[in-house]
Every structure is written in C-alpha cells, then in structure tokens.
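1. model the following, please.
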Amino acid sequence: MQIAARVIKADSFQSRLFGLIPRKSMAPEEGLWLEPCAMIHTCFMSFPIDAVFLGADLKALKICPELKPWRFSPWVRGAKSVLELAPGRLSGLLEEGDLLEFR
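-> I've put the predicted structure just below:
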C-alpha cells in the first residue's frame with residue numbers, strides 16, 4: 001500500500017530546521033522525510049501532522065498521529081529519520097513495526 005505519492009527529503013540542517021513551517025497545509029499524498037532525525041517539533045506550524053519515526057532499516061519505531069502545532073515529539077531511541085504526513089493520513093494504514101519502502 002502507498003502512504004504518500006510525493007515525498008521530499010530534507011537532509012540538510014536548514015531543510016530539517018524549517019521543514020513544513022512555511023506551509024499552510026499538506027495534501028494527503030505529500031510527505032516530508034527528515035534524515036537524520038530522532039525528535040521533531042511543530043512550533044510555528046499552522047496545522048497538525050502525522051509523524052512516523054523510522055529506524056535505519058525503515059522500520060516504523062513510533063507513530064505520532066495528529067501532532068498539533070506547538071508540540072514536541074518524544075525523542076525516539078533508535079530513530080534515524082522521520083516521515084511527516086498530512087494529519088490523519090496514517091489512520092489504519094501503518095502500525096509500529098511495519099517496514100516502509102521509498103522509491
């Protein structure tokens with residue numbers, strides 16, 4: 001199953017720092033993949049997001065659904081990256097322990 005059709009990779013300090021802050025929303029098929037990353041914040045954001053913390057093998061270690069603006073995620077032990085998605089996108093599609101694949 002496909003959880004995002006269009007994923008942008010944020011792998012520089014600046015692209016990870018600002019992430020989705022400039023955006024007003026996300027389309028359901030969009031995603032932002034932050035690497036490296038083990039913790040995120042939604043400060044200065046204007047919409048909630050679903051977040052999936054991934055290990056080096058792209059195994060879902062922790063899922064934070066509907067993370068509202070002005071919140072901090074937990075630091076996730078073993079996480080190497082985070083996939084941020086539109087709010088509600090992960091509902092019923094992904095569980096902790098599932099493997100993701102990027103093409």
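2. can we go C-alpha only for contacts and neighbour counts from here?
-> Noted.
3. and the residue nearest the centre of this protein?
-> Central residue of the chain (C-alpha atoms, centre = their mean): residue 84, 2.1 Å from the mean position.
4. so how far is the lowest-mean-pLDDT helix or strand in the chain off the chain centroid?
-> Ranked by mean pLDDT, DSSP states H and E, the weakest helix or strand in the chain is helix 13-18, scoring a mean of 88. Using C-alpha atoms, centre = their mean, to the nearest Å, we find the averaged C-alpha position of helix 13-18 to lie 14 Å away from the chain's own average C-alpha position.
5. stretch 58-69 now?
-> Taking C-alpha atoms, centre = their mean, one finds stretch 58-69 lying 6 Å from the centre of the chain it belongs to.
6. please save the CA atoms from it in PDB.
-> Once non-C-alpha atoms are left out, stretch 58-69 reads as follows in PDB (Å, rounded to 0.1, in the frame of the first residue of the first chain):
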ATOM      1  CA  LEU A  58      13.000   1.900   7.700                       C
ATOM      2  CA  LYS A  59      11.000   0.000  10.300                       C
ATOM      3  CA  ALA A  60       8.300   2.200  12.000                       C
ATOM      4  CA  LEU A  61       9.500   2.600  15.600                       C
ATOM      5  CA  LYS A  62       6.900   5.100  16.800                       C
ATOM      6  CA  ILE A  63       3.900   6.700  15.300                       C
ATOM      7  CA  CYS A  64       2.700  10.100  16.500                       C
ATOM      8  CA  PRO A  65      -0.800  10.800  14.900                       C
ATOM      9  CA  GLU A  66      -2.200  14.300  14.700                       C
ATOM     10  CA  LEU A  67       0.700  16.000  16.300                       C
ATOM     11  CA  LYS A  68      -0.700  19.500  16.900                       C
ATOM     12  CA  PRO A  69       1.100  22.800  16.300                       C
END
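7. which secondary structure elements does the helix or strand hosting residue 50 sit against?
-> Mapping residue 50 onto the secondary structure by DSSP states H and E places it in strand 49-54. Contact analysis of strand 49-54 by 3 or more C-alpha pairs under 8 Å, 6 or more residues apart in numbering; DSSP states H and E lists strand 60-67, strand 81-85 as its packing neighbours.
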